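Chemist: Just to be clear, the model below is a prediction. Sequence and coordinates:
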Amino acid sequence: MPERPSALVPDFLYGTAWKEDRTPGLTELALRMGFRGIDTANQRRHYVEGGVGQGLAAAYRAGVVTRADLFLQTKFTYQAGQDHRLPYDPAADLSTQVAQSMASSLEHLGTDHVDSYVLHGPASGQGWTDEDAEVWVAMVRQRGAGRTRLLGVSNVSLRHLEQMAAAHPEAPAFVQNRCFARLGWDRDVRSFCRDRRIAYQGFSLLTANPGVLRHPLVAGLAARGQATPAQVVFRFAQEVGMLPLTGTSDAEHMKQDLASRDLALSADEVRAIESLAG
Ligand SMILES: NC(=O)c1ccc[n+]([C@@H]2O[C@H](COP(=O)([O-])OP(=O)(O)OC[C@H]3O[C@@H](n4cnc5c(N)ncnc54)[C@H](OP(=O)(O)O)[C@@H]3O)[C@@H](O)[C@H]2O)c1
């Protein structure tokens with residue numbers, strides 16, 4: 001049986017998108033501030049995966065963490081989601097592209113395995129395609145070879161997940177989605193995940209939901225807990241079973257984001273936030 005998400009998965013992930021030259025320094029800083037989960041992708045257009053590896057190496061050298069302390073997650077991205085800086089031969093078949101992208105990720109990250117390998121997004125917004133099936137089978141093969149512990153999919157709809165479930169014997173361990181409050185915080189996908197013990201990773205919790213951050217309910221809870229509205233949103237996310245991501249570049253925000261786990265919200269307050277916008 002494949003391994004399921006467990007205590008080895010931290011309760012917050014640090015996201016490394018859009019950091020360019022600051023990627024090594026911010027990755028190291030995030031580890032120094034206490035993050036133990038790192039999310040990246042072998043997609044040069046939005047991530048500098050090699051810079052993440054440099055940040056990890058600096059933290060190892062300084063004795064901040066060891067590889068065994070960390071949960072490292074990266075992604076396979078189709079050519080359509082890349083620019084010209086591809087981590088694979090675009091003329092190769094998809095299974096070969098997955099193998100080449102994985103080999104390049106392991107080199108970037110200076111490790112012999114990642115903890116989670118994620119399909120960055122399906123080939124079509126309409127549904128799970130034959131290409132996705134080929135890539136997923138190739139990802140399962142990478143796991144069989146010990147190059148990742150767990151597998152996931154990202155940017156998926158309920159339709160994608162249902163079709164994927166019908167096509168493959170095994171569910172992903174993770175779904176990583178942009179989480180809009182106006183869609184009940186991705187209610188349908190989260191419910192599918194809950195039923196199948198798939199861990200839901202939420203990104204853009206702050207940037208997709210500016211209205212929530214300004215809402216009097218959230219502002220009031222923040223004031224009561226001597227916290228910020230961002231912390232209330234992250235704590236809410238954890239309370240409903242999400243694994244939140246933050247990509248903050250600010251040391252104080254890193255500290256606050258991690259400290260949100262100590263904020264107390266009652267079940268009624270969680271329900272009120274959950275039904276705030278949709
Ligand atoms: N699978 C995908 O397709 C996909 C897509 C997008 C993102 N992601 C992943 O998710 C990660 C996070 O991305 P994101 O879209 O959620 O955006 P983000 O990069 O985390 O941006 C969050 C914004 O919120 C601010 N912020 C963070 N903590 C704060 C706090 N405590 N108080 C106030 N402001 C705060 C940040 O500003 P400061 O920097 O000033 O704090 C930043 O402007 C990415 O790095 C990436 O790893 C994945």
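Modeler: Nice, thanks for sending it over.

Chemist: Leaving out sequence neighbours, find the closest residue to whichever residue of the stretch 151-278 of the chain sits closest to the ligand.
Modeler: Residue nearest to the ligand within the stretch 151-278 of the chain: residue 247 (2.6 Å; C-beta to the nearest ligand atom). C-beta coordinates here come from the backbone N, C-alpha and C atoms, glycine included. Once flanking residues are discounted, residue 247 sits nearest to residue 15: 3.7 Å by C-beta to C-beta, 6 or more residues apart in numbering.

Chemist: Look up phi and psi at the one you found.
Modeler: In terms of degrees, to the nearest 10, the main-chain angles of residue 15 are phi -90, psi 140.

Chemist: residues from the stretch 1-150 of the chain in reach of the ligand?
Modeler: Counting by C-beta under 6 Å from any ligand atom, the residues of the stretch 1-150 of the chain close to the ligand are 15, 16, 17, 39, 120.

Chemist: How much space separates the last one from residue 79?
Modeler: I take that to be residue 120. Residue 120 sits at a distance of 11 Å from residue 79 (criterion: C-beta to C-beta, to the nearest Å).

Chemist: more neighbours, the two?
Modeler: residue 120 (21 against 12; other C-beta atoms under 10 Å).

Chemist: Which residues are in contact with the more buried one?
Modeler: Listed by C-beta atoms under 8 Å, 6 or more residues apart in numbering, the contact set of residue 120 reads 41, 43, 75, 76, 77, 78, 81, 154, 155.

Chemist: So which elements touch the helix or strand harbouring residue 200?
Modeler: Here residue 200 sits within strand 199-203, counting by DSSP states H and E. Judged by 3 or more C-beta pairs under 8 Å, 6 or more residues apart in numbering; DSSP states H and E, the packing partners of strand 199-203 are strand 174-178, helix 187-195, strand 242-246.

Chemist: one more time with 7 Å
Modeler: Counting contacts by 3 or more C-beta pairs under 7 Å, 6 or more residues apart in numbering; DSSP states H and E, strand 199-203 packs against strand 174-178, strand 242-246.

Chemist: can you tell me if the first one touches the ligand.
Modeler: Yes. Taking C-beta under 6 Å from any ligand atom as the criterion, strand 174-178 and the ligand are in contact, through residue 176.

Chemist: before we move on, back to that, the strand holding residue 200 pairs with which strands, parallel or anti?
Modeler: Next to strand 199-203 in the sheet, as set by DSSP bridges, lie strand 174-178 (parallel), strand 242-246 (parallel).

Chemist: show me what contacts the residue of the stretch 1-150 of the chain found nearest the ligand?
Modeler: Of all residues in the stretch 1-150 of the chain, residue 15 sits closest to the ligand, at 2.3 Å by C-beta to the nearest ligand atom. For residue 15, the contacting residues are 39, 203, 245, 246, 247, by C-beta atoms under 7 Å, 6 or more residues apart in numbering.

Chemist: residue contacts, the third one?
Modeler: I take that to be residue 245. Taking C-beta under 7 Å, 6+ apart as the contact definition, residue 245 lies against 13, 15, 39, 201, 202, 203.

Chemist: Can you list the low-confidence ranges for this protein?
Modeler: 1-7, 278 (pLDDT under 70).
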